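*Asks:* Output the structure for:
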Amino acid sequence: WLKLGSVPPAKTQAGIRAPRWAGAAARRLGGMDIMQAELLKAEDWDAEAGGRRPPAGGSESDVEYNGSGSGSSSEGDGRSAPAPPIWALSAMGLAALAVTAVVVICQGGEASFEGVKRGISASAKSALGVSAGATPAEADVQLAAVRDDSAMQLAPPRSATLVTKGADGEHVSVEPENEELEGKAKPAWYEHYAADCWKPCGGPGLCEDFCGEGRACCRWGSYGPHGNSTDPPECGGSRFWPVLTYHVCVSALKPPPETPPPTSTTTAPLQEAPTHTFYLFRAQNDEDKFAFGNVNVANLPGVMWYLNNEVMPRCPKRYGISRIRRYEITMKTTPELFARGMNFGVRYSYDAGKCTGSNIRWLGPCSNTFDRFGHVIGCNNFRDHYPYPLVDTEYPDGIWYDLPLDGRCKQATGAWNCTWSYKEAGEIRLDDLEAMEPGFGYCCGGKCTDFWRGHWSSVECDRRLWQVQELFAKQFPDMPADLPPPPCDFDYSKFWD
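*Replies:* Sure, this is the predicted structure:
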């Protein structure tokens, strides 16, 4: 009740103060004051507890809480509550008594604790878990358990003040103990939550002095493929933005730790990796601007998600995409990477024939991989959400790869500059795929189709995968219908260790 504000408490007959709302609630429920009805029923003080009745007008156990020192007490107003009728001791009143008694015991300090221990009635003892015939010493132990169990939930705030009336009539104020708040300053992220950090941080970027440890000053949409990339890479990892219209403090994305190149001396020769041959696919336009290398490719679910997510349903299709090309890839990773239990490294993005790291996460320079393991193929499972996509997709089995040009050779040997080779394995036109499903779901250039219907439907996505495989098998019957890739075994912790 202390946390509800600085409401002055109500006075009870025995001098133990309860919150004003507790008395009001009891009157609504049973037509009585809780403390009058149970805690301080005069007939039970001498008969059951064997203790003395506190003197009228208060005693050494007169305790009250004042939030932040505000409010006024009803003490000395000349009013006395009438003795409650017997019918008022209802079951609901007893339940409310238990709640109030726990509050008083847990928060009222040792003074109020002694008063309750001496004068509690049988029904109140039962409600609080104290046996009816308990001596004062036994009540000490039993009530202390109740107080300790509730200490965390009922700990008073720092602004509360414990005021105890001593025998000399003077009041002594004591700051209550609260281990959660005592002596702790608010962290920087709390102090500057949603505050404009541009000037204090001197612009965007890592700003631990103002924002707190591991936090940066960033603006939503100012980094990555959907922004103007005016903020540094450490602004590319936050998923929560308290404000979208100016720079605020958010969690910073730190690059993985750089590991020095391995030494040339080893205690034992490294084991060679196995050779794998499989199909990979690439959605492309009709131009061939670059040599096959320094590109991103995918398995079949991965390339179909790319078409669904980034190409369709625009007219004309984005980037002029018109075909799906298939490649037979033979790979053999380097012994250095295979020694860590992997055939694939981290998957980088390639744009216009250049390794750009990642548009979403800060992966550091591409040399972090090439200088340690050679020019190995990288992969990422869609299910792992690293480095992309960040969420589940309609093609959950999708995998994206990168093919570094400096690792291409005529026959993969596992050397740092010879980790993969390829053969052309046919291509199909998107127009031919769309002709397999006539309809009016998508129209472009005078042609309409229902091939792309059900963008988010797993059934329709499976249908599209089957139709692509069927068309490849029909147009290239002399080639294997399917050469599945090996598992994408990239492991973040092993790779960056």
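*Asks:* so what's Ser421 bridging to?
*Replies:* Listed by DSSP bridges, the beta-bridge partners for Ser421 are Thr330.
*Asks:* ok now do it, which residues does it touch?
*Replies:* By C-beta atoms under 8 Å, 6 or more residues apart in numbering, the contact list for Ser421 reads Ile329, Thr330, Arg408, Cys409, Lys410, Gln411, Ala412. Every residue, glycine included, has its C-beta placed from N, CA and C.
*Asks:* out of those, which is most surrounded?
*Replies:* Ala412 (23 neighbours; other C-beta atoms under 10 Å).
*Asks:* Wasn't that residue part of a strand?
*Replies:* No - if the criterion is DSSP: H, G, I helix; E, B strand; the rest coil, then Ala412 is coil and not within a strand.
*Asks:* any idea how far Ala415 is from the closest residue to it other than its chain neighbours?
*Replies:* Excluding its sequence neighbours, the residue lying closest to Ala412 (C-beta to C-beta, 6 or more residues apart in numbering) is Lys332, at 4.1 Å. Look at Lys332 and Ala415: by C-beta to C-beta, to the nearest Å, they are 9 Å apart.
*Asks:* Same check on Asp196?
*Replies:* Relative to Ala415, and taking C-beta to C-beta, Asp196 is found at 53 Å.
*Asks:* Closest one of the contacts of Ser421 to Lys289?
*Replies:* Nearest to Lys289, judged by C-beta to C-beta, of those is Arg408 at 16.9 Å.
*Asks:* and that closest one, how far is that from Tyr327?
*Replies:* 11 Å.
*Asks:* where do the contact lists of those two overlap?
*Replies:* Counting by C-beta under 8 Å, 6+ apart, the residues touching both Arg408 and Tyr327 are Phe292, Tyr422.
*Asks:* Give the buried residues for stretch 282-302.
*Replies:* 282-284, 293-302 (16 or more other C-beta atoms under 10 Å).
*Asks:* ok, Leu403 - contacts?
*Replies:* Counted by C-beta under 8 Å, 6+ apart, Leu403 has contacts Phe292, Gly293, Asn294, Val295, Asn296, Val297, Ile329, Ile377, Trp420, Tyr422.
*Asks:* The second one against Cys409, yeah?
*Replies:* No - taking C-beta atoms under 8 Å as the contact criterion, Gly293 and Cys409 are not neighbours in contact, 10.5 Å apart.
*Asks:* Next, show the common contact partners of these two.
*Replies:* By C-beta under 8 Å, 6+ apart, no residue touches both Gly293 and Cys409.
*Asks:* And Cys217, how far from Trp241?
*Replies:* Taken as C-beta to C-beta, the span from Cys217 to Trp241 is 12 Å.
*Asks:* Looking only at neighbour counts, state which of those two leads.
*Replies:* Set Cys217 next to Trp241 and count neighbours by other C-beta under 10 Å: Cys217 wins out with 29 against 14.
*Asks:* Okay, and that one sits in which element?
*Replies:* Element membership for Cys217 (DSSP states H and E) is strand 215-218.
*Asks:* Show me the strands paired with that strand, marking each as parallel or antiparallel.
*Replies:* strand 205-206 (antiparallel), strand 248-251 (antiparallel).
*Asks:* returning to what we had before: inside helices: which ones of the buried residues of stretch 282-302?
*Replies:* Judged by DSSP state H, helices contain the following of the buried residues of stretch 282-302: Leu300, Pro301, Gly302.
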